[in-house]
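**Q** heads up, no residue letters with this:
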């Protein structure tokens, strides 16, 4: 059974993870219950049948390899995982869940150890096996908007040492849409795609009511964790607690609480972040208060405005302080500032050089901390990004696109200009809406897709011609990306823009010179570096590793048994990888290489050539479906560049 679990093939009695109408129903029940008026959100931490003690941080929870190089057998999980997502959601929705002993978020930090969070685990598909070696510690660092060329800058001794002594994936990419912070961090922490977890950028659209909910609203109402615990498969932190009850997991960010909570997967022992007040940047937390000394608490309360690099340094400090106290088996850190200043200054700004060198110093501090704890030789480091960054050239055509998509009888629930996703009140009108956008032939748009449903399966169908792209392989790559969101609450229409063009060139505070969110190669291409005692040395892999592959790889390094996931274990990076760990990667490599090559080629053409695009006409007056074909009437198009 382990063969089919590790190998991405259909297991007996199982099937590949796909977004079916029934799979996410418990999740949406949780969302609706969480947003019910008058409900005390702090009570949502309930819904578990077992509690894990955080007091044990000894090595007995994760024994080192024996002299023969194999890990000692792992005992039967000491946690009773009997609550399914459906039963948890039912208890939450009916108000029968008992109150959680975990305190709600507060800025008052106390220097006492906390109890681990209660955990509701969804039973994952695929067989459960005993953990395999090496059972290492893992540190994952996510450089928000970290482009690959930033890691080739000079004077990055710690990063370059990890690259030299580890594996560098030169073609790593996000491999999903949106390419934005909230949803990709959920993928990294839970091993699920948007079609399974429902997160798309900063929004969530209920498939039944078509109500749009902001990610930050769920977070502010303490409703994120129940949603993450109700996903079709358990998060990394959940599985770590199942099989190593004494192990600790920590997720940290600067101000991006929405990044830390995604990494935590709903069950991390500590979810740590910072908050800007009027005069200070102060530490906050979810779940339990981290054990800090008075000196450490004082050091984390800093005046603002922060200097450049100050927020990333703060996140490293917070992580280092807490790691010394709890010795986490899994430490995950989001570093926000490359994204912050990449938006404001642009992805090619010289100011980013200093930020990268500051990140390198922070990595050195984490290495030093783990060395002082005696854990460095048993720790594997993973450095990656949630997305890249492209230039932000205004396309100035989103309003006409939305007007065309809306048309007669179709109202827009949500429009995400960063990615080009559109949700309608009536999904049945998606094909007609896409046809109206195609008839518009808007500037700088390379593909238009609409969502289709056959039974319980969702997929996207391209409505625009191949001639809008450099070739059919680009269309295949785009379909692969949009299908990552082909679920019950995915968008109804995708409008994909060419490289460097955006419909969101600014936020409320001013103009952006860089942005992300879509399918273009500058945004999709990300760094992925793995280094440590369980990783091969001096390897540059051309395998197009994706964000979805990180979770199963971390689980393998932690010594957790393989379960059926959408991602694959990155076996070519591992020392002693079995043939069953290498085969899935090899099986999907040819198709993935074609896709990333196509995206890169399209990006080069977009940047190096001037396209002649038609001027934006008025929206099509009417579209109808006749004999299976959509026919639209529209004003004539003038072949002039806009």
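**A** Cool, got the structure. This one's a predicted model, so the numbers in the text were calculated from it and none came from an experiment. Numbers count the residues shown, from 1 in each chain.

**Q** those helices in the stretch 101-250 of the chain, which residues are they?
**A** Assigned by DSSP state H, counting those that start in this stretch, the stretch 101-250 of the chain shows helices spanning 157-164, 181-190, 194-197, 215-220, 224-229, 236-243.

**Q** How about the stretch 401-550 of the chain?
**A** In the stretch 401-550 of the chain, the helices defined using DSSP H, counting those that start in this stretch lie at 430-440, 472-483, 521-524, 550-558.

**Q** Format these as TSV; extra columns: distance to residue 512 and mean neighbour count.
**A** Where you see a C-beta, it was placed from the backbone N, CA and C, and this is true even at glycine. Formatted as TSV, the helices of the stretch 401-550 of the chain follow (distance: least, Cβ to Cβ, whole Å; neighbours: other Cβ atoms under 10 Å):
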stretch	distance to residue 512	mean neighbour count
helix 430-440	24	26
helix 472-483	22	21
helix 521-524	13	26
helix 550-558	27	26
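
**Q** Can you tell me the number of residues neighbouring the closest residue in space to residue 304 that isn't next to it in sequence?
**A** Excluding the flanking residues, the one nearest residue 304 by Cβ to Cβ, 6 or more residues apart in numbering is residue 281, at 5.1 Å. Residue 281 has 20 neighbours, counted by other Cβ atoms under 10 Å.

**Q** Dump the helices of the stretch 401-550 of the chain to TSV, plus mean pLDDT and distance to residue 376.
**A** Shown next, in TSV, are those (pLDDT from 0 to 100; distance: least, Cβ to Cβ, whole Å):
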stretch	mean pLDDT	distance to residue 376
helix 430-440	96	52
helix 472-483	98	38
helix 521-524	98	33
helix 550-558	98	15
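
**Q** what's in contact with the longest strand belonging to the chain?
**A** With secondary structure taken from DSSP state E, the chain has its longest strand at strand 445-454. For strand 445-454, contacts defined as Cβ atoms under 8 Å, 6 or more residues apart in numbering pick out 401, 420, 427, 430-431, 433-434, 437-438, 458-464, 468-469, 474-475, 478-479, 482, 486, 490-498, 602, 606.

**Q** quick one: strands adjacent to that strand?
**A** If you go by DSSP bridges, strand 445-454 pairs up with strand 457-462 (antiparallel), strand 493-497 (antiparallel).

**Q** how much does the last one deviate in direction from helix 472-483?
**A** On the basis of axes from the mean of the first three to the mean of the last three Cα atoms, to 10 degrees, strand 493-497 is oriented at 130 degrees to helix 472-483.

**Q** Could you report the pLDDT at residue 70?
**A** The pLDDT attached to residue 70 in the predicted structure is 36.

**Q** show me the contacts for residue 600.
**A** Applying Cβ under 8 Å, 6+ apart, the residues near residue 600 are 521, 525.

**Q** at 7 Å instead, please
**A** residue 521 (Cβ atoms under 7 Å, 6 or more residues apart in numbering).

**Q** The helix or strand containing it: how far from the chain's middle?
**A** Per DSSP states H and E: residue 600 is located in helix 579-608. Centroid separation between helix 579-608 and its chain, computed with Cα atoms, centre = their mean, to the nearest Å, is 20 Å.

**Q** So which bits of it are buried?
**A** 580-585, 588-589, 592, 595-603, 605-606 (16 or more other Cβ atoms under 10 Å).

**Q** Which among the helices of the stretch 401-550 of the chain is found nearest to residue 332?
**A** Residue 332 lies closest, by Cβ to Cβ, to one member of the helices of the stretch 401-550 of the chain: helix 550-558, at 8.9 Å.

**Q** of all the helices of the stretch 401-550 of the chain, which lies closest to residue 368?
**A** Nearest to residue 368 among these is helix 550-558 (21.1 Å), distances taken as Cβ to Cβ.

**Q** between the closest one and helix 236-243, how many degrees?
**A** Using the same axes, to 10 degrees: helix 550-558 against helix 236-243 is 30 degrees.

**Q** Summarise which helices and strands helix 550-558 is packed against.
**A** When contacts are defined as 3 or more Cβ pairs under 7 Å, 6 or more residues apart in numbering; DSSP states H and E, helix 550-558 sits against strand 137-143, helix 181-190, helix 236-243, strand 379-384.

**Q** The residue nearest to residue 382 when sequence neighbours are not counted: what's it in contact with?
**A** Take residue 382 and drop its neighbours on the chain: the residue closest to it by Cβ to Cβ, 6+ apart is residue 140, 4.4 Å away. Neighbour list for residue 140: 332, 382, 554 [criterion: Cβ under 7 Å, 6+ apart].

**Q** re earlier: to residue 146, which of the strands paired with strand 445-454 lies closest?
**A** strand 493-497 (21.9 Å).

**Q** quick one on the thing from earlier: who does the helix or strand containing the residue nearest to residue 304 pair up with?
**A** Per DSSP H and E, residue 281 falls inside strand 280-287. Next to strand 280-287 in the sheet, as set by DSSP bridges, lie strand 270-276 (antiparallel), strand 302-303 (antiparallel).

**Q** what's downstream of it, the next helix or strand?
**A** helix 294-299.

**Q** on that earlier part again, using a markdown table, please lay out the helices and strands packed on helix 550-558 together with distance to residue 411 and mean pLDDT.
**A** Compiled in a markdown table, the helices and strands packed on helix 550-558 are given as follows (distance: least, Cβ to Cβ, whole Å; pLDDT from 0 to 100):
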| stretch | distance to residue 411 | mean pLDDT |
| --- | --- | --- |
| strand 137-143 | 37 | 99 |
| helix 181-190 | 24 | 97 |
| helix 236-243 | 38 | 97 |
| strand 379-384 | 39 | 99 |
